[in-house]
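Colleague: Quick one, what's the 3D model for this:
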Amino acid sequence: MLTVLLSWKGQDLHLSAGAIPSIRVDNEIRRLNLPVLKPAEVEQMIYAILTPEQRRAFQENLELDFAFSLHGVGRFRCNLYRQRNSIAFTARHVSEQVPSAADLGIPDFLHDFGLKNQGLILITGPNGHGKSTTLAWLVDAINRDRRANIITIEDPVEFTHRHKNSNVNQREVGTDTLSFADGLRHIFRQNPDVIVIGELRDYASISIALTAAETGHLVLGTLHSLNATAAVDRIVDSFPANQQPQIRAQLAESLLLVFSQRLLKRANGSGRVLAWEKMATSLRVRNAIREGKAHQLRGMMQANVDELVSIDWTLADMVAAGKVKYEEAVKFADNLTYLNELLKVRGAFK
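Modeller: Residues are numbered from 1 along each chain as shown. Next comes the predicted model:
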């Protein structure tokens, strides 16, 4: 089934007891031509690829993130969990090579931010829209173009990086460190220039990330949020109310960039293409964050200023260029009226 995942150019394989095995292709679930899985069949298949330590961890915690390599096929990021008193499993293929900026559709400015010496860069968006791949590309760019000590904390390690001009030390939660928070507490003793956090999940990891960004480190991380400005509220709201004014001040000073992304189905039906929005540091952005008015930045995105670019702008460009269909762009638009106005200017509104 993992081989089929690759041959279909899918993103995820889903196995659940009582359901036909399925693969997510271009954000749609497709069933395989196989019978419904029984609970014992799922358990037998999945337990066969787990180490004894992973089995114990799953039995204790009832869920497990891990990486799995199948010889001659590829490497996969896997999640194991329980549902209806049976096992369910999800696997996502991870490419052996980090794709190029051209293949991913990444804009040039992201590389420029990656060469900064200090601050916080967030890659945001929903699950399954390429955040980890963009983060891996950014790490690879820094690895190639800077002479730095890069330390990552990931759960699990997905892309494996060779040492180029930089050292890249990749630590996996559960194998090399107990948790994101534990790994980050000791990270300053490891003399990092660049700190990469696979996912900013909780109060402890976000707090240490902000401190690191304030004290001379470049910090990269992913975060689940609806858009670039919502990432600010997501970070601030993870702290108790009495700490939030201080966190807003820290975030205002340390934040370099929020790069929010979505993957849309191509107009020709072959694969997906990247749409993005940008919120970069500036006086007006820092003031809005500090004063708790980040929501006002969404309105400013329609003013077409360099540091604030709405996803509607990139959606309009892609529709006008014929890369995606209008109906697909509408699904991801932030402001449909604004999107239509942009398409009229480009002569692409129907």
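
Colleague: Leaving out the residues flanking it, which one is nearest to Gly198?
Modeller: Glu154 (3.8 Å; Cβ to Cβ, 6 or more residues apart in numbering). In short, each C-beta sits where N, CA and C put it, glycine included.

Colleague: Can you show me the strands along the stretch 1-150 of the chain?
Modeller: 12-16, 22-25, 28-31, 63-70, 74-83, 86-94, 119-124, 149-154 (DSSP state E, counting those that start in this stretch).

Colleague: before we move on, what about the stretch 151-300 of the chain?
Modeller: 167-172, 194-197, 218-223, 255-265, 272-280.

Colleague: among those strands, which is the most enclosed?
Modeller: strand 194-197 (a mean of 26; mean count of other Cβ atoms under 10 Å).

Colleague: Quick check: bridge partners of the closest residue to Ile197 other than its chain neighbours?
Modeller: Once flanking residues are discounted, Ile197 sits nearest to Gly221: 3.9 Å by Cβ to Cβ, 6+ apart. Gly221 has the following beta-bridge partners by DSSP bridges: Leu122, Ile197.

Colleague: Surely Gly221 touches Arg201?
Modeller: No: using Cβ atoms under 8 Å, Gly221 makes no contact with Arg201, being 9.6 Å away.

Colleague: centroid residue for the chain?
Modeller: The chain has Lys131 as the residue nearest its centroid, 2.3 Å off, counting by Cα atoms, centre = their mean.

Colleague: Outline the domain layout of this protein.
Modeller: Domain ranges of the chain: 2-94, 101-309, per automatic domain parsing.

Colleague: And Pro107, how far from Lys116?
Modeller: 16 Å (Cβ to Cβ, to the nearest Å).

Colleague: Please disregard the earlier target; I meant Asn335.
Modeller: For Asn335, the distance to Lys116 - Cβ to Cβ - is 30 Å.

Colleague: With Leu110 instead?
Modeller: 11 Å.

Colleague: which one of those two has more residues nearby?
Modeller: Leu110 (20 against 16; other Cβ atoms under 10 Å).

Colleague: Go ahead and confirm the more buried one touches Asp140.
Modeller: No: assessed by Cβ under 8 Å, Leu110 is found out of contact with Asp140, at 12.0 Å.

Colleague: doesn't Leu274 make contact with Gly105?
Modeller: Yes: Gly105 lies in contact with Leu274 (Cβ under 8 Å); the separation is 3.8 Å.

Colleague: on that earlier part again, so what's the residue nearest to Ile197 up against?
Modeller: Residues near Gly221 by Cβ atoms under 8 Å, 6 or more residues apart in numbering: Leu120, Ile121, Leu122, Ile123, Leu135, Val196, Ile197, Gly198, Glu199, Leu200, Ala209.

Colleague: ok, 10 Å please
Modeller: 120-124, 131, 135, 153, 180, 195-201, 205-206, 209, 213 (Cβ atoms under 10 Å, 6 or more residues apart in numbering).
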